[in-house]
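> Fold the following and give me the result.
(one chain, ligands or ions: 2)
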Amino acid sequence: MQHEQHDLHGTGAAEHEVYDMEPVADDIWAAVTNVPCPVKDCGQTVVWYEANYGPGYRVCARVTGNGSFGQATIRHHFQARFRNSRAPTLIRHECCERGVPNE
Ligand SMILES: [Zn+2]
Ligand SMILES: [Zn+2]
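Numbers count the residues shown, from 1 in each chain. Ligands and ions are numbered 1, 2, ... in the order given. Predicted coordinates for the structure are as follows:
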């Protein structure tokens, strides 16, 4: 994990945690979907969450056997970015975990 400046909300750059994810051959999105949450000691699963947020938005949640998850289990928020096709990252939306999306 490293810290980088990113402007995730168009309101100015702020420091965010950035996680390098394991590349998956020929499928950049697979590297950031249904994989273990990269935040230390979290243990949940990173899931697709673009419906209300846009392309590349992900959260971690406790996924059950049939692939569903409860909203109440959502813990970490991320924006997927790709430095290139071999270097997927998840930028952590600390701002949105606190319920303050426009910081
Ligand atoms: Zn997590
Ligand atoms: Zn945010």
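
> Next one: the residue most central in space within the chain from Thr45, what distance?
Averaging the C-alpha coordinates of the chain gives a centre point, and the residue nearest to it by C-alpha atoms, centre = their mean is Phe78 (2.5 Å). As for Phe78, its distance to Thr45 is 12 Å (criterion: C-beta to C-beta, to the nearest Å). The way it works is simple: take the backbone N, C-alpha and C, and place the C-beta from them, glycine included.

> So for the two, which residues contact both of them?
Residues touching both Phe78 and Thr45 (C-beta atoms under 8 Å, 6 or more residues apart in numbering) are Cys60.

> rewinding a little: quick check: bridge partners of the residue nearest to the centre of the chain?
With DSSP bridges applied, the residues forming beta bridges to Phe78 are Arg58, Arg92.

> My guess is it contacts Ala61. True?
No. Between Phe78 and Ala61 there is no contact, the gap being 11.8 Å when judged by C-beta atoms under 8 Å.

> I am finished for the moment; much appreciated.
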